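Participant: with the sequence up front, the predicted model follows.
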Amino acid sequence: MKDFLQNISRYPRYLISITLGIFFALFERFKPLFSNRLSAIAVMGILVGAVLFLIFTLRAMLGLNPVY
């Protein structure tokens with residue numbers, strides 16, 4: 001039973017390390033775009049738009065706040 005619980009306790013660390021690895025890989029890929037001011041503004045606008053789109057879509061799907 002001890003081995004089972006020890007094995008289960010590894011999964012949250014695995015999830016966190018995979019998630020951070022994906023974010024670091026994406027950040028390294030987009031890092032050259034932040035050298036130019038115009039492209040940095042465009043990338044930030046796209047990211048903010050994607051997050052807002054996700055938030056509004058989930059709110060409408062879950063019926064939390066009606067979107068008019």
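Facilitator: Good, I have the coordinates. Everything quoted here is computed from the prediction, not taken from an experiment. Residues are numbered from 1 along each chain as shown.

Participant: so where is this protein shaky, pLDDT-wise?
Facilitator: Scanning the chain for pLDDT under 70 picks out the ranges 66-68.

Participant: show me it divided up by domain.
Facilitator: For the chain, automatic domain parsing gives the domain ranges 1-32, 36-68.

Participant: how far is the first one from where the chain is centred?
Facilitator: If I follow you right, that is domain 1-32. Relative to its chain's centre, domain 1-32 lies at 13 Å (Cα atoms, centre = their mean, to the nearest Å).

Participant: I'd like the domains of the chain written out as CSV, with mean neighbour count added.
Facilitator: In this view, the C-beta of every residue, glycine as well, is placed from N, C-alpha and C. Shown next, in CSV, are these (neighbours: other Cβ atoms under 10 Å):
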stretch, mean neighbour count
domain 1-32, 9
domain 36-68, 10
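
Participant: name the helix or strand for residue 61, please.
Facilitator: Per DSSP states H and E: residue 61 is located in helix 37-62.
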